[in-house]
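Visitor: Kindly generate the corresponding structure for this input.
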Amino acid sequence: MAGPLSHIRVLDLSRIMAGPWASQVLADLGADVIKVERTGTGDDTRTWGPPFLKDASGNDTREAGYFLAVNRGKRSITLDLDTDEGQRVVKELAKRSDIVVENFKVGTLKRFDLDYASLKAVNPRIIYCSITGFGQTGPRRDHAAYDFMIQAMGGLMSVTGEADGKVGGGPQKVGVPVTDMMTGMYATVAILAALARRYETGRGDYIDIGMLDVQVGFLANQAMNFLISGREPRRSGNAHPNIQPQDVFACRDGHMVLVVGNDSQFEKFCAAVGRPEWVRDERFTSNAGRVRNREALSALIAALFIGNDVAHWVGLVEMAGVPCAPINTIPMVLEEPQVKHREMLRHLQHPIAGSVPQIVSPICYADAVLSYDRPPPLLGQHTAEILRELGLAADNTTASHS
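Guide: This next block holds a predicted model:
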């Protein structure tokens with residue numbers, strides 16, 4: 001069964017994380033994604049290691065884990081965009097593509113005659129998505145950006161980490177490049193919406209995605225809390241600012257999270273852990289009271305939980321129907337029975353390593369399948385194949401008419 005986007009071709013001019021994340025989602029959905037890479041070096045993330053994928057003999061390949069995480073399902077062609085030949089091949093690909101994804105600095109592709117206006121001239125139906133740090137307009141439009149700096153500049157780090165004055169206090173970035181990934185997801189949503197609209201109008205569109213816009217856009221409840229209260233959100237570690245008790249608690253042999261979501265769950269939690277008197281304490285009878293008296297309640301729970309193991313407390317609280325979980329390491333996550341059942345870890349055939357592990361898409365359809373038939377490509381692996389499809393022939397590292 002073909003994937004839901006098996007009729008779509010994507011010309012991927014992006015590199016690093018945000019753009020490749022978007023194009024990998026489209027590839028998983030079945031699109032034919034052609035990744036254009038620089039001759040000789042390729043995507044920057046190919047070298048962002050160690051770790052590197054091991055070959056069949058246990059030696060490092062040139063395939064870094066970072067690259068392998070965001071380029072599944074694509075075909076790689078090497079071109080030099082600053083040459084006439086490279087530009088001609090890109091335009092030939094654009095004629096046969098539905099979507100272009102790029103994340104060059106503002107104005108770069110215009111210099112190469114590969115901007116939206118230029119590619120729209122050869123394919124009026126093209127959907128062209130530009131991803132930059134700050135968007136195509138505004139005083140910072142020409143500035144470069146990376147996930148870390150946008151997490152800082154966009155406010156995320158101001159609400160992530162332990163409170164000042166506590167052990168380990170201070171701003172923290174999220175442990176994965178979440179702004180890059182959310183930018184890729186917003187780009188994917190915008191692309192699919194433009195694709196749906198094209199079926200109605202017959203016209204393509206231009207999409208301008210800025211990472212800072214994305215980060216501001218998903219400040220979500222923290223921004224809204226400020227807007228309606230006028231109080232600046234502060235770092236509070238793992239404690240939820242609006243719902244309690246929701247926090248990390250140390251047990252005798254590790255840590256767990258407790259995620260009580262309402263008054264009924266709090267009552268069930270107290271009964272499960274043998275502390276029904278907490279429900280009758282006027283400080284804790286409502287969620288609003290528990291938020292105001294969070295430190296007192298957290299101290300009581302912490303003193304209780306440290307006396308036994310994670311499995312003991314998780315077992316009791318789960319049995320009562322109250323959300324909670326151990327804090328798993330990544331190896332533990334991959335051994336989690338639910339994760340195994342959902343087949344989130346798969347191994348794809350690889351031309352050098354034999355196989356390559358992949359954390360796959362969480363999307364599941366009833367009447368369609370996702371495509372996992374291509375591993376992340378070697379640099380330029382499909383150059384000759386793609387040029388043949390275009391009626392061109394490879395001449396060393398450039399392209400010329402056959």
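Visitor: most residues in a single helix of this structure, which one?
Guide: Among all segments of the chain classified by DSSP state H, the helix with the greatest residue count is helix 178-201.
Visitor: Please list the residues outside that one that contact it.
Guide: If you take CB atoms under 8 Å, 6 or more residues apart in numbering as the criterion, helix 178-201 is touched by 8, 16-22, 24-26, 98-99, 101, 125, 127, 129, 131, 147, 150-151, 154, 156, 204-205, 207, 209, 211, 214-215, 217-218. (Glycine included, C-beta is placed from N, CA and C.)
Visitor: Report how many residues lie close to the closest residue to residue 19 other than its chain neighbours.
Guide: With CB to CB, 6 or more residues apart in numbering as the measure, residue 103 is the residue that lies nearest to residue 19, at 4.2 Å, once sequence neighbours are left out. Residue 103 is surrounded by 25 other residues when neighbours are defined as other CB atoms under 10 Å.
Visitor: Also residue 180?
Guide: Summarising burial for residue 180: neighbours were counted as other CB under 10 Å, giving 25.
Visitor: Excluding covalently adjacent residues, which one is nearest to it?
Guide: Closest residue to residue 180 in three dimensions, ignoring its sequence neighbours and counting by CB to CB, 6+ apart: residue 17, at 3.8 Å.
Visitor: Distance of the closest residue to residue 205 other than its chain neighbours relative to residue 125?
Guide: In this structure, residue 205 finds its nearest non-sequential neighbour in residue 194, 4.5 Å apart by CB to CB, 6+ apart. Between residue 194 and residue 125 the distance, using CB to CB, to the nearest Å, works out to 10 Å.
Visitor: same check, this time on residue 309
Guide: 60 Å.
Visitor: Ok, residue 25 next?
Guide: With CB to CB as the criterion, residue 25 and residue 125 are 21 Å apart.
Visitor: Look at these two and report which has more neighbours.
Guide: Regarding residue 25 and residue 125, a neighbour count based on other CB under 10 Å identifies residue 25 as having more, with 24 against 14.
Visitor: Now residue 348, what are its backbone angles?
Guide: Main-chain torsions, residue 348, degrees, to the nearest 10: phi -100, psi 150.
Visitor: While we're on the nearest residue to it once chain neighbours are set aside, how confident is the model there?
Guide: Closest residue to residue 348 in three dimensions, ignoring its sequence neighbours and counting by CB to CB, 6+ apart: residue 375, at 4.2 Å. The per-residue pLDDT reported for residue 375 equals 98.
Visitor: Likewise for residue 113?
Guide: Reported pLDDT at residue 113 in the predicted model: 98.
Visitor: Quickly find the element holding it.
Guide: Assignment of secondary structure by DSSP states H and E places residue 113 within no helix or strand.
Visitor: residues contacting the nearest residue to it once chain neighbours are set aside?
Guide: What sits nearest to residue 113 in space, not counting adjacent residues and going by CB to CB, 6+ apart, is residue 87, at 5.9 Å. By CB under 8 Å, 6+ apart, the contact list for residue 87 reads 81, 112-114.
Visitor: can you list residues touching both of residue 194 and residue 125?
Guide: With contacts defined as CB under 8 Å, 6+ apart, the residues shared by residue 194 and residue 125 are residue 204.
Visitor: ok, the residue nearest to residue 19 touching residue 12?
Guide: No - taking CB atoms under 8 Å as the contact criterion, residue 103 and residue 12 are not neighbours in contact, 9.9 Å apart.
Visitor: any residues in contact with both of the two?
Guide: When contacts are counted by CB under 8 Å, 6+ apart, the set common to residue 103 and residue 12 consists of residue 19.
Visitor: Show me which positions of stretch 84-96 end up buried.
Guide: By neighbour count on 16 or more other CB atoms under 10 Å, the buried set for stretch 84-96 is 85-94.
Visitor: Can you tell me which of these lies closest to residue 343?
Guide: Taking CB to CB as the measure, residue 93 is the one of those closest to residue 343, at 33.1 Å.
Visitor: How about the contacts made by the spatially closest residue to that closest one that is not a sequence neighbour?
Guide: Counting by CB to CB, 6+ apart, the nearest residue to residue 93 once its immediate chain neighbours are dropped is residue 11, at 5.0 Å. For residue 11, the contacting residues are 34, 36, 90, 93-94, 97, 99-101, taking CB under 8 Å, 6+ apart as the criterion.
Visitor: which element is residue 11 on?
Guide: In this structure, residue 11 sits in strand 9-12 according to DSSP H and E.
Visitor: hey, C-alpha coordinates of the very next helix or strand once past that strand in CSV?
Guide: Toward the C-terminal end, the helix or strand that comes next after strand 9-12 (DSSP H and E) is helix 18-28. Output in CSV follows, covering the C-alpha atoms of helix 18-28 (Å, rounded to 0.1, in the frame of the first residue of the first chain):
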residue,chain,number,x,y,z
ALA,A,18,14.4,22.2,11.1
GLY,A,19,14.1,21.8,7.4
PRO,A,20,15.3,18.2,7.3
TRP,A,21,12.8,17.4,10.1
ALA,A,22,10.0,18.7,8.0
SER,A,23,11.1,16.8,4.9
GLN,A,24,11.6,13.6,6.8
VAL,A,25,8.0,13.8,8.0
LEU,A,26,6.9,14.2,4.3
ALA,A,27,9.2,11.3,3.4
ASP,A,28,7.6,9.0,6.1
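Visitor: Centroid-nearest residue for this structure?
Guide: If you average the C-alpha coordinates of the chain and look for the closest C-alpha using CA atoms, centre = their mean, you land on residue 181, 2.6 Å from that point.
Visitor: Please work out how many residues are found near the spatially closest residue to residue 6 that is not a sequence neighbour.
Guide: Excluding its sequence neighbours, the residue lying closest to residue 6 (CB to CB, 6+ apart) is residue 30, at 3.9 Å. Around residue 30 sit 21 other residues, with neighbours defined as other CB under 10 Å.
Visitor: How about residue 258?
Guide: If we define neighbours as other CB under 10 Å, then residue 258 has 23 of them.
Visitor: any idea whether it is helix, strand or coil?
Guide: Secondary structure of residue 258, reduced to three states by DSSP: H, G, I helix; E, B strand; the rest coil: strand.
Visitor: Phi and psi next, for the residue nearest to it when sequence neighbours are not counted.
Guide: Of all residues beyond its chain neighbours, the one nearest residue 258 is residue 324 (5.1 Å), with distances taken as CB to CB, 6+ apart. Dihedral pair for residue 324: phi -160, psi 170, per degrees, to the nearest 10.
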